[in-house]
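K.L.:
I'd like to go over a predicted model; first the sequence, then the structure.
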Amino acid sequence: MLRRRLMRSHNGMQRMDSPPMRTIAPMGRTRTLLAGLCATALLVALTACGTSDQPDVDPDIARSYDVSAIHKDEALAAMLPQSITKDGKLTIGSNLTYAPAEFLATDGRTPVGYEIDLAKALANLFGLELDVQNAPFESIIPAVGTKYDIGLSGFTVNNERIEAVDFVTYAKAGLTFAVRKGNPAHASVNDLCGERISVQVGTVGETEMYKAQDKCSAEGKKAIELLPYGGQNYVTTALVSGRVNMMYGDTPVIGYAVAQTDDQLEIIGEDEGVAPMGMAIAKGDEATVQAMKAALDKLIADGTYTKIMDAWGVQNVMIKEPEINPRTDE
């Protein structure tokens, strides 16, 4: 679901060009390509509970909330600047690998997820056609305001990102660990030193594991062996296959991944570090910021927001009202 991602650009932020997978050696953060773990392995792991019957309707598309009854709100549409409306589209940048927030349906081409449904509802309110453009996560924020009208890809709001873009929040999420069912490796969230842990590249979860890795080194303990991957599907597959002992990521995303593996995985420990998630808007574009907040206010007030979250089973990330650039304690 919601991606607690940390993106750094050339102005003091670390920019990752996102090789699909990299591994961290005990003495440093050396990038190496990992062989294996192909998409076929993922499909085997994540569809073990499937049947041979072919559904008439793609199940992921069927689960999506139908926003066709949401029509243009002239007052809201008038709030958007011409820079957004001139082409008749609301163009969003999103990394479609992060179920249930945004991912490709079973057909392999249709974007689905609760963030996609929110984007569809917003586009309808503004009388615009939604244009979802799939992109590497770390490339989205630098392109907001030029290539994309907004970035909607599970961005955790933090003070560093607020220096680069403006945010309007729509959800909140924490971080969670998962292990194989029964925890055969006896992994412990209370002592991560020496554990093999998979995370998604560019996420806050990855950053937090770097901090934990440094702490282990400072205490003279065995280093965490961290395996970052370019997509959550690979993160999950690494755990299912036994390549790692734990995986770490956003609570709703990890929960959804666990639910898709036919009882092969389980959550361990308590949620950590709940933080707001927000859509990224070009820095200083106050008109679009206010328009998006007003539109989200309406979706919350008329119940559409709740229905979308209910459809995807992510009621635990809901907020009562959107905020603009909420500062954090980090």
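P.N.:
Thanks, I have the structure now. Numbering: from 1, shown residues only.
K.L.:
Quick one: mean pLDDT for stretch 195-210?
P.N.:
Taken as a whole, stretch 195-210 has a mean pLDDT of 92.
K.L.:
element containing residue 290?
P.N.:
helix 286-301 (DSSP states H and E).
K.L.:
residue ranges of the strands in the stretch 201-330 of the chain, please?
P.N.:
225-229, 246-250, 265-282 (DSSP state E, counting those that start in this stretch).
K.L.:
Pull out the buried positions in the last one.
P.N.:
Translated: strand 265-282. By 16 or more other CB atoms under 10 Å, the buried positions in strand 265-282 come out as 265, 269, 271, 275-282. Just so you know, the C-beta spots here come from the backbone N, C-alpha and C atoms, and that holds for glycine as well.
K.L.:
Output the strands of the stretch 201-330 of the chain in TSV; the columns should cover mean pLDDT and distance to residue 180.
P.N.:
Listed next are those as TSV, based on pLDDT from 0 to 100; distance: least, CB to CB, whole Å:
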stretch	mean pLDDT	distance to residue 180
strand 225-229	96	15
strand 246-250	95	9
strand 265-282	92	6
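K.L.:
of all those, which lies closest to residue 297?
P.N.:
strand 265-282 (13.7 Å; CB to CB).
K.L.:
Between helix 286-301 and that closest one, find me the angle.
P.N.:
Angle, strand 265-282 to helix 286-301, by axes from the mean of the first three to the mean of the last three CA atoms, to 10 degrees: 140 degrees.
K.L.:
re earlier: for residue 135, which of the strands of the stretch 201-330 of the chain is the nearest?
P.N.:
strand 265-282 (12.2 Å).
K.L.:
Give me the packing partners of that closest one, helices and strands only.
P.N.:
Applying 3 or more CB pairs under 8 Å, 6 or more residues apart in numbering; DSSP states H and E, we find strand 265-282 packed against strand 150-151, strand 165-180, helix 204-218, helix 232-240, helix 251-259, helix 286-301.
K.L.:
Residue 162: how many residues sit nearby?
P.N.:
When neighbours are defined as other CB atoms under 10 Å, residue 162 has 18 of them.
K.L.:
Identify the spatial nearest neighbour of it, chain neighbours not counted.
P.N.:
Distances taken as CB to CB, 6 or more residues apart in numbering place residue 325 nearest to residue 162, at 5.1 Å, with adjacent residues excluded.
K.L.:
on that earlier part again, how far does the helix holding residue 290 sit from its chain's centre?
P.N.:
Here helix 286-301 is found 21 Å from its chain centre; the criterion is CA atoms, centre = their mean, to the nearest Å.
K.L.:
now stretch 143-163
P.N.:
13 Å.
K.L.:
Now do the buried residues in it.
P.N.:
In stretch 143-163, counting by 16+ other CB under 10 Å, buried: 144-145, 148-158, 161-162.
K.L.:
can you tell me which two in the residues you listed are farthest apart?
P.N.:
149 and 158 (21.9 Å).
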